[in-house]
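1. When you get a sec, could you give me coordinates for this:
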Amino acid sequence: MDYKDTEYFKVGRASDLQGGDRFLYRMLEIMPGFLSWSTILGTIFLSAFFPTAAAYFIISFDLYWLLKTAYLSVHLRHNWKRIKYNLSVDWSLMISKMKYEHIYHMVILPFYKEPQDVIEESIKSLVASQYDKKKMIIILAREERAGDQSEKTAEIIRKKYGNDFGYFLVTAHKEGVAGEMAGKGSNISFAAEMARTEILDKSAIPYKDVIVSAFDIDTVAYKQFFLCLTWHFLTSPNPLKTSFQPVPFYNNNIWDAPALSRVAAGSSTFWQMMQQERPEKLATFSSHSVSFQTLFEVGYWQKNIVSEDSRIFWNLFMAQNADYTVTPLSYPVSMDANVSHSWWQTAINVYKQNRRWSWGVENVPYLIFGSIKNKKIPLWKKIKVIFVQTEGFWSLATNPILIFILGWLPVILGGASFNKTVLSYNLPFLTRNIMIVAMLGLILSGIIFISFLPERPKHRSKYSRILMVFQWILVPITITVFGAIPGLEAQTRLLFGKYMGFWVTPKHRT
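-> Next up is the predicted model:
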């Protein structure tokens, strides 16, 4: 039996399985949180009872983090140059040398209770995009549980913009369907199947000629995005065995976002930029694109998990026996930074959003379990991807805490005998100096951040752009409070089987 037809291909959690498989999957769910907490508690234990060993560990870890930061900064700089180049390319000229008129673009825009102006801005960007609108299929996917207002909003949008595209379909995903979690995955899967039966089949459009872009509702496409995507699709060695990942810029409302939200959003962008330079470690995230043929063969996105955007990659990775990749576009789409009606609520929403993203740790047990079951994947590839994914979530939840909080523990907990040693005296200075050198990379972050900012609105001071460079001194706070801690909470919830549901990020425009 083909792997993708087995009962565990779309497992969401241990309770979906039976017997020994259920026990094994539950142990794998425990593992990420166990590793992270063992690291943190182990450092505290060493600091109290073996302070010298803890001090050497902390110094070694700080040096490792310094080298890792330098390594990632190189990738960030390279991708920065690549994005600037790709934004300068005339993709209409590039693609004019190819036969591409048969390619359709299906854009799925799921929404819940977002304001009409947020939806309209996304739709307007599609209208303004440089691609034949007759070959564009727009699916506005609303949630029935959102009530009458979402239905009214969808109808207003359809009447206003429906005739601008070859096809425009409004779908209503029903609530309470058995086996489904209320969230983006179940909505866009329903929308894709409706589009297949109502548009592709009725118009005899070949599935292999359709590229599906699953966008967040606030995603604003750059004018040549679809030309760039089409070029990469047609030049791919095997376009049915790769997904396509743009870089998320959170620029829609960046000038109105508070500093902590800007830094958190910018950090997410920078991480995606660095991953674009390491495609072997890249998985799909947020807005992404994939062949409809490929999606159809695996039954679309999973309907019973939170992190459908990354899980679809691992579904396809398993279905294709690891012969599946992500093609980095090094080309942006723009979305909203997290903004609410008050600073405090914005901080809460940033935390909740990062906790939801960190819930992508649910892919670790899925990946390990699938690797055990799928005997066709080479052992070396299994080990590599499992290590990369596990280390990534471990680093997210532990590294900032080790660096910015626990680095002083040997001095605090080590006792009088340790505090009389030369090592005790020098530890704070060594760790401080290492961190100062590492934080110099923030200068590059500030330069890159302001280079991609949209035009300054009139109500903002002409000095605002310069001030945004200095906001990066908040990084030690943001990567700890809005990175490590929500990451650790997500892993702890998974460890104890306290599964999360899908939290919809509120969209607020000032």
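
2. Now tell me what touches the helix or strand of the chain with the lowest mean pLDDT from outside.
-> Least confident helix or strand of the chain, by mean pLDDT, DSSP states H and E, is helix 422-439 with a mean of 75. Contacts of helix 422-439 with the rest of the structure, by CB atoms under 8 Å, 6 or more residues apart in numbering, involve 51-52, 55, 58-59, 62-63, 65-66, 69-70, 403, 407-408, 410-411, 414, 418, 475-476. C-beta: built from backbone N, CA, C; applies to glycine.

3. Same question for whatever helix or strand comes next after that helix: list its buried residues.
-> Remark: after helix 422-439, the chain's next helix or strand is helix 441-451, criterion DSSP states H and E. For helix 441-451, burial by neighbour count (16 or more other CB atoms under 10 Å) applies to 441, 442, 444, 445, 446, 448, 449.

4. same question for stretch 365-379, mean pLDDT?
-> Summarised as a single mean, pLDDT over stretch 365-379 is 94.

5. Stretch 185-198 too?
-> 97.

6. for that stretch, which positions count as buried?
-> Counting neighbours by 16+ other CB under 10 Å, the buried set in stretch 185-198 is 185, 186, 187, 188, 189, 190, 191, 192, 194, 195, 196.

7. which among the buried residues of helix 441-451 gets closest to residue 104?
-> Nearest to residue 104 among the buried residues of helix 441-451 is residue 448, at 34.7 Å by CB to CB.

8. Who are the contact partners of the closest residue to the closest one other than its chain neighbours?
-> Closest residue in space to residue 448, ignoring its immediate chain neighbours: residue 80 at 5.1 Å, by CB to CB, 6 or more residues apart in numbering. By CB under 8 Å, 6+ apart, the contact set of residue 80 is 273, 448, 451.

9. returning to that earlier point: out of the contacts of helix 422-439, which are buried?
-> Listed as buried from these are 51, 55, 58-59, 62, 65-66, 69, 403, 407, 410-411, 414, 418, 475-476; burial here means 16+ other CB under 10 Å.

10. which of those residues sit farthest apart?
-> Checking the buried ones among the contacts of helix 422-439 with CB to CB, the most distant pair is 418 and 475, at 30.6 Å.

11. what residue ranges in this structure are flagged as low confidence?
-> Applying pLDDT under 70 to the chain flags the ranges 1-7, 510.

12. biggest helix in it by residues?
-> When the chain is scanned for its longest helix (criterion: DSSP state H), the result is helix 51-88.

13. Pull the residues that contact whatever helix or strand comes next after that one.
-> The first helix or strand that comes after helix 51-88 along the chain, using DSSP H and E, is helix 91-95. For helix 91-95, contacts defined as CB under 8 Å, 6+ apart pick out 130, 224, 227, 228, 230, 231, 234.

14. Could you export the helix or strand containing the last one as PDB, CA atoms only?
-> The one in question is residue 234. Element membership of residue 234 [criterion: DSSP H and E] is helix 225-235. Extracted C-alpha coordinates of helix 225-235, given in PDB (Å, rounded to 0.1, in the frame of the first residue of the first chain):
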ATOM      1  CA  PHE A 225       5.100  38.000  -8.000                       C
ATOM      2  CA  PHE A 226       3.100  35.600 -10.200                       C
ATOM      3  CA  LEU A 227       5.500  36.200 -13.100                       C
ATOM      4  CA  CYS A 228       8.400  35.300 -10.800                       C
ATOM      5  CA  LEU A 229       6.500  32.300  -9.400                       C
ATOM      6  CA  THR A 230       5.600  31.100 -12.900                       C
ATOM      7  CA  TRP A 231       9.200  31.400 -14.100                       C
ATOM      8  CA  HIS A 232      10.500  29.300 -11.200                       C
ATOM      9  CA  PHE A 233       7.700  26.800 -11.700                       C
ATOM     10  CA  LEU A 234       8.600  26.300 -15.400                       C
ATOM     11  CA  THR A 235      12.400  26.200 -14.800                       C
END
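
15. what separates the following helix or strand past it from the chain centre, distance-wise?
-> Using DSSP H and E, the helix or strand that follows helix 225-235 towards the C-terminus is strand 242-249. Computed by CA atoms, centre = their mean, to the nearest Å, the chain-centroid distance of strand 242-249 equals 10 Å.

16. So which elements touch strand 242-249?
-> If contacts are counted by 3 or more CB pairs under 8 Å, 6 or more residues apart in numbering; DSSP states H and E, strand 242-249 sits against helix 225-235, helix 259-276, strand 288-291, helix 308-319, strand 325-334.

17. Adding distance to residue 378, write these out as CSV.
-> Listed next are the helices and strands packed on strand 242-249 as CSV, based on distance: least, CB to CB, whole Å:
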stretch, distance to residue 378
helix 225-235, 27
helix 259-276, 23
strand 288-291, 24
helix 308-319, 13
strand 325-334, 15
